[in-house]
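Enquirer: I would like the atomic coordinates for the input below:
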Amino acid sequence: MAKKKKKAKKAKKSEVLIKKSLVQEYIKSRGDFRVSAESFEALSERVMNLCDEAMDRAEINRRKTVQRQDF
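Expert: Residues are numbered from 1 along each chain as shown. As a prediction, this is how the structure comes out:
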C-alpha cells in the first residue's frame, strides 16, 4: 500500500514561526532584558519575509531547495 504524502501546512501571516522560549532565553542571557508579546509577532514576520526572499532566490536559480546562500 502506497503511503500518502502529507500536504504541507501553509503558514499564516499571523502565525508565529519562532520558538518563544528560546528567544526569551537568548535575550535573557545577554543581559537583564525581557521580551514583549508584540516582539514575537514582529520577529516572526521578519523571518517569513527572509524565507520568502530566499525562496525567490532559489527559484531564480532553478532550485526547489532553499540553501544557506539564499539567505
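Enquirer: drop to CA atoms for contacts and neighbour counts, all remaining ones
Expert: Will do.
Enquirer: what about the chain, any weak spots by pLDDT?
Expert: Along the chain, the parts satisfying pLDDT under 70 run over 1-14.
Enquirer: Go again with 50.
Expert: Within the chain, not a single segment meets pLDDT under 50.
Enquirer: So which residues of it form strands?
Expert: Counting by DSSP state E, the chain has no strands at all.
Enquirer: All the helices of it, in order from the start?
Expert: 20-29, 37-60 (DSSP state H).
Enquirer: Point out the most buried one among these.
Expert: helix 37-60 (a mean of 15; mean count of other CA atoms under 10 Å).
Enquirer: measure Leu17 to Glu53 for me?
Expert: 16 Å (CA to CA, to the nearest Å).
Enquirer: follow-up on the earlier one: kindly reformat the helices of the chain as a markdown table and extend each row with distance to Asp70.
Expert: Below are these laid out as a markdown table (distance: least, CA to CA, whole Å):
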| stretch | distance to Asp70 |
| --- | --- |
| helix 20-29 | 23 |
| helix 37-60 | 5 |
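Enquirer: For Gln67, which of the ones you listed is the nearest?
Expert: With CA to CA, the closest approach to Gln67 among the helices of the chain belongs to helix 37-60: 7.5 Å.
Enquirer: could you say what helices and strands that closest one packs with?
Expert: If you count contacts as 3 or more CA pairs under 8 Å, 6 or more residues apart in numbering; DSSP states H and E, helix 37-60 packs onto no helix or strand.
Enquirer: quick one: contacts of it?
Expert: 13-18, 20, 64-67, 70-71 (CA atoms under 8 Å, 6 or more residues apart in numbering).
Enquirer: Restricting to C-alpha, output it in PDB.
Expert: This file holds the C-alpha atoms of helix 37-60, laid out as PDB (Å, rounded to 0.1, in the frame of the first residue of the first chain):
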ATOM      1  CA  ALA A  37       4.400  39.700  23.100                       C
ATOM      2  CA  GLU A  38       4.400  42.100  20.100                       C
ATOM      3  CA  SER A  39       8.100  41.400  19.700                       C
ATOM      4  CA  PHE A  40       7.500  37.800  18.700                       C
ATOM      5  CA  GLU A  41       4.900  38.800  16.100                       C
ATOM      6  CA  ALA A  42       7.400  41.300  14.600                       C
ATOM      7  CA  LEU A  43      10.300  38.800  14.700                       C
ATOM      8  CA  SER A  44       8.200  36.100  13.100                       C
ATOM      9  CA  GLU A  45       7.100  38.500  10.300                       C
ATOM     10  CA  ARG A  46      10.800  39.300   9.600                       C
ATOM     11  CA  VAL A  47      11.600  35.500   9.500                       C
ATOM     12  CA  MET A  48       8.700  35.000   7.000                       C
ATOM     13  CA  ASN A  49      10.000  37.800   4.800                       C
ATOM     14  CA  LEU A  50      13.500  36.400   4.800                       C
ATOM     15  CA  CYS A  51      12.100  33.000   3.900                       C
ATOM     16  CA  ASP A  52      10.100  34.500   1.000                       C
ATOM     17  CA  GLU A  53      13.200  36.200  -0.300                       C
ATOM     18  CA  ALA A  54      15.300  33.000   0.000                       C
ATOM     19  CA  MET A  55      12.600  31.000  -1.900                       C
ATOM     20  CA  ASP A  56      12.600  33.600  -4.700                       C
ATOM     21  CA  ARG A  57      16.400  33.300  -5.000                       C
ATOM     22  CA  ALA A  58      16.200  29.500  -5.100                       C
ATOM     23  CA  GLU A  59      13.500  29.700  -7.800                       C
ATOM     24  CA  ILE A  60      15.600  32.200  -9.800                       C
END
